[in-house]
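> Model the following, please.
(chains A, B, C and D)
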Number of protein chains: 2
Amino acid sequence: MATHDPPAPVDSEPDTTAELPRELAVLWRSQAPGRRGPRPGLTLDRIADAAIALADAEGLAAVSMARVAAALGVTTMALYRYVSSKDELLAVMADVAVGWPPPPHAAGTEWRVALEGWAHAQIAALTAHPWITRATASPPLGPHSLAWLEAGLRALDDTPLDPGTRTSVVGALSLHMLSEGQVLAAIADQERAQERTGSRAPEHPALVDYATLLRLLADADDHPHVVAAVASGAFDDDPDEPYDTSIGLDLLLDGIAALIDRAAAQRPPQDGRGDA
Amino acid sequence: MATHDPPAPVDSEPDTTAELPRELAVLWRSQAPGRRGPRPGLTLDRIADAAIALADAEGLAAVSMARVAAALGVTTMALYRYVSSKDELLAVMADVAVGWPPPPHAAGTEWRVALEGWAHAQIAALTAHPWITRATASPPLGPHSLAWLEAGLRALDDTPLDPGTRTSVVGALSLHMLSEGQVLAAIADQERAQERTGSRAPEHPALVDYATLLRLLADADDHPHVVAAVASGAFDDDPDEPYDTSIGLDLLLDGIAALIDRAAAQRPPQDGRGDA
DNA sequence: CCTATCTGTCTACGGGGTAGACAGAACCGT
DNA sequence: ACGGTTCTGTCTACCCCGTAGACAGATAGG
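Sure thing, here's the model as predicted:
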């Protein structure tokens, strides 16, 4: 399921592992290798894969410790030998499912091309596993997530932005992608529900499309602008087109371009990257 | 809890109510007024208020049908006379908690001022109830949410954008605010957890700050850009400052400005608003 | 070989969402 | 005024979920 090349096996940093909080130690698969008891029958990754398959097929709500364990042919409690809580499993799932970022662009690639590619790759990952955005509440700190952060910062290499601003820019973009993912998750849920209640019966509440509902709810006195927008067809989305994700991203990129222009004007262009 | 003036009582549209799907009928409080049995002891709004209070105090996870019912002095099942499922209660909670948008700016206000005010008001609402972003998965269709949509579209009144683009812009901004709200919710959760495990003991996993963890995890070989960013202090946020929300919003607004400039160049400025 | 250690299992607990049956209150038409 | 209808709140019961704790067996170190 990994999208691209992992940066390194795992154990290249020897001293840090000792001080890692437990939850992160699991995420990074750092364990003392010499052990005593019977050999473990499972792997954290096998568990994560099973859970991911379940979430992909039936949504995150279907992921319970019992069902994941059943899919692996073990007891529910067996999972707790690998994961200390369900939240921890969700964190591992999310990190594994995002996969690795695409390989970096060649040096000298324009920032906008690089950043756009990075964003689209992230959206692709979230499209493949829409539940990711709901799986974890804490800031992403797994190996895959960290690789994405690295890739995002790298895309801004040749810009005149200072490190703090670069971080903010990548953060804002990530946040945006996260909410796009949430929309994708909502759509996936809706499709699943639609499937369950017979293929095309819109008798179920939230399955009617937005435009229809707005036409019912918005009246011209209280919501003239909404009515006008609906009338102009602004809410009628093509059922063929999966979901137009580009608008918000384009706005952000335009904003970043403006930011870069301002920074370039203030700090005259140097040839290389500025240090410290 | 309502922030500002509601647009109208409720029952100004007579015919639509009949065709509303059940879930929305509850959101819009449309019921046949002539009834037969004993007078209801509760109100949907009283239930929503109790649930909101619970969520504000202890987080969305603490909201269970049982606890909400207990807070109101009734049995769990009594709530199901007003709401057909917990999801429906969550939808009502979310809509009530966002409240009404601020009153519209005077006509002729610059779009950026109006939109920025709108956005900040929305962030304020989400700051007051950070769990809102987690409460509902479906697109917002309650009376309050619709009022926010109306207000957002109104802010773009004097721009040369066509209706479809305006809708997209408002959607992108709403989405952005939604993810900001998610960050706020994560912070709130973290603070609650911190409170629970003794005020300032960072023994708990995810409570250590991001910069410290990144310093542990990112090594210079695999993540040079992350290491550089951490070294430059880009991740050290002031513990005093609550959360700097402006960056992403500014980027979006700059992007919108660029979009408007382009539209104005293409369609020369008219004095009034263009119709149809 | 003994013993410490680790694995998977079993049992059990509290809590969650919600279906169904029921008693009583309030209103309707007569 | 009255019987029937309809709606309310309660009670009971069911199944699922996350997880603590005790236990049997496997494994490797001394």
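> in the stretch 151-276 of chain A, which ranges drop under the pLDDT threshold?
By pLDDT under 70, the low-scoring segments of the stretch 151-276 of chain A are A:197-208, A:237-246, A:268-276.
> Strands along that one, start to end?
Here the stretch 151-276 of chain A has no strands by DSSP state E, counting those that start in this stretch.
> Flag every residue of it that's near DNA strand D.
Within the stretch 151-276 of chain A, no position lies close to DNA strand D (Cβ under 7 Å from any atom of the strand). C-beta here means a position set from N, CA and C on the backbone, and glycine is covered the same way.
> Let me see the ranges of the helices in chain A.
Secondary structure of chain A, counting by DSSP state H: helices at A:22-27, A:44-58, A:65-72, A:86-98, A:111-128, A:132-135, A:143-155, A:163-196, A:210-217, A:224-231, A:246-266.
> okay if I get these as TSV plus distance to B:R215?
TSV is the format used below for the helices of chain A (distance: least, Cβ to Cβ, whole Å):
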stretch	distance to B:R215
helix A:22-27	12
helix A:44-58	24
helix A:65-72	33
helix A:86-98	19
helix A:111-128	24
helix A:132-135	25
helix A:143-155	12
helix A:163-196	14
helix A:210-217	45
helix A:224-231	48
helix A:246-266	27
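> Which of these sits closest to DNA strand C?
The closest of the helices of chain A to DNA strand C is helix A:65-72. By Cβ to the nearest atom of the strand, the value is 7.1 Å.
> CA atoms only for that closest one - export them in CSV, please.
Taking Å, rounded to 0.1, in the frame of the first residue of the first chain, the C-alpha atoms of helix A:65-72 are listed here in CSV:
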residue,chain,number,x,y,z
MET,A,65,-11.3,-4.1,17.9
ALA,A,66,-13.5,-7.2,17.7
ARG,A,67,-14.0,-7.0,14.0
VAL,A,68,-10.3,-6.3,13.2
ALA,A,69,-9.3,-9.2,15.5
ALA,A,70,-11.9,-11.5,13.8
ALA,A,71,-10.5,-10.6,10.4
LEU,A,72,-7.1,-11.7,11.6
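> what packs against it?
Contact analysis of helix A:65-72 by 3 or more Cβ pairs under 8 Å, 6 or more residues apart in numbering or on different chains; DSSP states H and E lists helix A:44-58, helix A:86-98 as its packing neighbours.
> what sits up against it?
Identification of contacts with helix A:65-72 by Cβ atoms under 8 Å, 6 or more residues apart in numbering or on different chains yields A:42, A:46-47, A:50-51, A:53-54, A:75-80, A:86, A:89.
> and DNA strand C, which of these reach it?
A:L42, A:T75, A:T76, A:M77, A:A78, A:Y80.
> quick one: which of those is nearest B:L149?
For these, the residue nearest B:L149 by Cβ to Cβ is A:T76; the value is 44.3 Å.
> what's the distance between the closest one and DNA strand D?
Here the criterion is Cβ to the nearest atom of the strand, to the nearest Å. By it, A:T76 lies 4 Å from DNA strand D.
> give me the residue from the stretch 1-150 of chain A nearest DNA strand D.
Nearest to DNA strand D in the stretch 1-150 of chain A, going by Cβ to the nearest atom of the strand, is A:S64, at a distance of 3.2 Å.
> Contacts only, for that residue.
Contacts of A:S64 (Cβ under 8 Å, 6+ apart): A:K86.
> re earlier: adding mean neighbour count and mean pLDDT, write the helices and strands packed on helix A:65-72 out as TSV.
Shown next, in TSV, are those (neighbours: other Cβ atoms under 10 Å in any protein chain shown; pLDDT from 0 to 100):
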stretch	mean neighbour count	mean pLDDT
helix A:44-58	19	97
helix A:86-98	23	97
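> possible to save those as TSV with distance to DNA strand D?
As requested, these are arranged in TSV below (distance: least, Cβ to the nearest atom of the strand, whole Å):
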stretch	distance to DNA strand D
helix A:44-58	10
helix A:86-98	4
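> Between the ones you listed, which one is closest to chain B.
Closest to chain B of these is helix A:86-98 (Cβ to the nearest Cβ; 8.8 Å).
> next one: stretch A:143-156 to chain centre, how far?
Relative to its parent chain, stretch A:143-156 has a centroid offset of 13 Å by Cα atoms, centre = their mean, to the nearest Å.
> CA atoms of it as CSV?
Once non-C-alpha atoms are left out, stretch A:143-156 reads as follows in CSV (Å, rounded to 0.1, in the frame of the first residue of the first chain):
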residue,chain,number,x,y,z
PRO,A,143,6.9,8.3,9.9
HIS,A,144,4.7,8.7,6.8
SER,A,145,3.2,12.0,8.0
LEU,A,146,6.6,13.3,8.8
ALA,A,147,7.8,12.4,5.3
TRP,A,148,4.9,14.5,3.9
LEU,A,149,5.8,17.4,6.0
GLU,A,150,9.4,17.1,4.8
ALA,A,151,8.2,16.9,1.2
GLY,A,152,6.0,20.0,1.6
LEU,A,153,8.8,22.1,3.1
ARG,A,154,11.1,20.9,0.4
ALA,A,155,8.8,22.2,-2.3
LEU,A,156,9.3,25.7,-0.9
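> Would you mind measuring from A:S145 to chain B?
Plainly put, A:S145 is 10 Å away from chain B if you go by Cβ to the nearest Cβ, to the nearest Å.
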